[in-house]
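Student: No letters, just coordinates:
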């Protein structure tokens, strides 16, 4: 991994910031100077804070941040997002953990392993173990993506164990992080929407339809801003289920109709089948 000091300087000047202003509350001016003039790499915590202040991603100021495992993790990610946890389990078992050489890969491994243990193997204790490792490895900044998904995973695992107080605690933690999170790349966007979707699902199980709506609507705002179809059909399905629980039948019918139309566009056959049953309940 190599720091691109000239890029740091370029982005700083675009923001009309002095070195002291960029460093304020994060590090010393000397640290920024070393970054810009000698490509000196500070701690990852400082780099992340600098990126946030400059409103750039790590890829914008670092070279060589990729991993030899990127392709394998991408396949696991697609399986998880498709709720195909059996396939995700097969893929993660194929990982050569001897190749996991950096903190980023270890975080990704514990994140996916946690959900595989929970959804594919129904081992909530193992899932909690991996999510705990993920949270302790994360830098726990207000915009830390793994702090969000780690807390979502913990909430799901404790809900699976019927430990409702702990499930509520971790859901509140996840939502606190989400309030301050700013995404920069497509991968972050997808994980952000997926996290909102998972939170809404968990609140539906906890019979809190208002919070289902709150999270579904927050996700839909971002999806629409990006002109994306990612999870848009199932988000409207969740809104319909929340409105059904709130006895708001016209609103529920409207959301189910939108979800049904979108399911045809996205070729989501499983959702089409679910909606045929759901709409019958609100007729």
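Tutor: Received, thanks. None of these values were measured; they are calculated from a predicted model.
Student: and the nearest residue to residue 268 once chain neighbours are set aside, which of the three is it?
Tutor: Using C-beta to C-beta, 6 or more residues apart in numbering and skipping residues adjacent in sequence, the residue nearest residue 268 is residue 233, 5.4 Å away. Glycine gets a C-beta too; all of them are placed from N, C-alpha and C. Look at residue 233: counting by DSSP: H, G, I helix; E, B strand; the rest coil, its state is helix.
Student: show me where the stretch 151-283 of the chain has helices.
Tutor: Secondary structure of the stretch 151-283 of the chain (DSSP state H, counting those that start in this stretch): helices located at 164-180, 186-205, 209-225, 232-245, 249-266, 269-282.
Student: average model confidence for the second one?
Tutor: Per-residue pLDDT values over helix 186-205 give a mean of 92.
Student: mind showing which ranges of this protein have poor pLDDT?
Tutor: Within the chain, the stretches with pLDDT under 70 are 1, 64-68, 99-103, 137-144, 182, 184-185, 278-283.
Student: Report how many residues lie close to residue 12.
Tutor: Residues near residue 12, counting by other C-beta atoms under 10 Å, number 21.
Student: Repeat that for the one 10 residues further on.
Tutor: Counted with other C-beta under 10 Å, the burial measure for residue 22 works out to 23 neighbours.
Student: Would you tell me what helix or strand it is located in?
Tutor: Residue 22 belongs to helix 19-23 when assigned by DSSP states H and E.
Student: do residue 27 as well
Tutor: Per DSSP H and E: residue 27 is located in neither a helix nor a strand.
Student: re earlier: of all the helices of the stretch 151-283 of the chain, which lies closest to residue 74?
Tutor: helix 186-205 (8.6 Å; C-beta to C-beta).
Student: from the helices of the stretch 151-283 of the chain, which stretch is densest packed?
Tutor: Comparing these by mean neighbour count (mean count of other C-beta atoms under 10 Å), helix 232-245 ranks first with a mean of 23.
Student: Nearest spatial neighbour of residue 174, chain-adjacent residues omitted?
Tutor: residue 151 (3.8 Å).
Student: Contact partners for that neighbour?
Tutor: With contact taken as C-beta atoms under 8 Å, 6 or more residues apart in numbering, residue 151 is in contact with 135, 170-171, 173-174, 177.
Student: before we move on, back to that, and the gap between the residue nearest to residue 268 and residue 152?
Tutor: 20 Å (C-beta to C-beta, to the nearest Å).
Student: show me what contacts residue 6?
Tutor: Neighbour list for residue 6: residue 36 [criterion: C-beta under 8 Å, 6+ apart].
Student: In the strand or helix carrying it, which of the residues would be classed as buried?
Tutor: If you go by DSSP H and E, residue 6 is part of helix 5-14. Residues 5, 7-12 are the ones in helix 5-14 that count as buried (16 or more other C-beta atoms under 10 Å).
Student: just to revisit the earlier point, turn the helices of the stretch 151-283 of the chain into JSON lines, including distance to residue 84.
Tutor: Output for the helices of the stretch 151-283 of the chain, formatted as JSON lines (distance: least, C-beta to C-beta, whole Å):
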{"stretch": "helix 164-180", "distance to residue 84": "23"}
{"stretch": "helix 186-205", "distance to residue 84": "14"}
{"stretch": "helix 209-225", "distance to residue 84": "21"}
{"stretch": "helix 232-245", "distance to residue 84": "15"}
{"stretch": "helix 249-266", "distance to residue 84": "16"}
{"stretch": "helix 269-282", "distance to residue 84": "11"}
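Student: Could you point out which of those sits nearest residue 97?
Tutor: helix 186-205 (22.1 Å).
Student: what residues does the closest one touch?
Tutor: Residues contacting helix 186-205 (C-beta under 8 Å, 6+ apart): 77, 81, 145, 148-149, 152, 155-156, 159, 167, 171, 174-175, 178, 181, 183, 209, 211-212, 215-216, 218-219, 222-223, 226, 228, 230-231, 234-235, 238, 241-242, 245.
Student: Report the inter-axis angle for it versus helix 209-225.
Tutor: Using axes from the mean of the first three to the mean of the last three C-alpha atoms, to 10 degrees, the inter-axis angle of helix 186-205 relative to helix 209-225 is 160 degrees.
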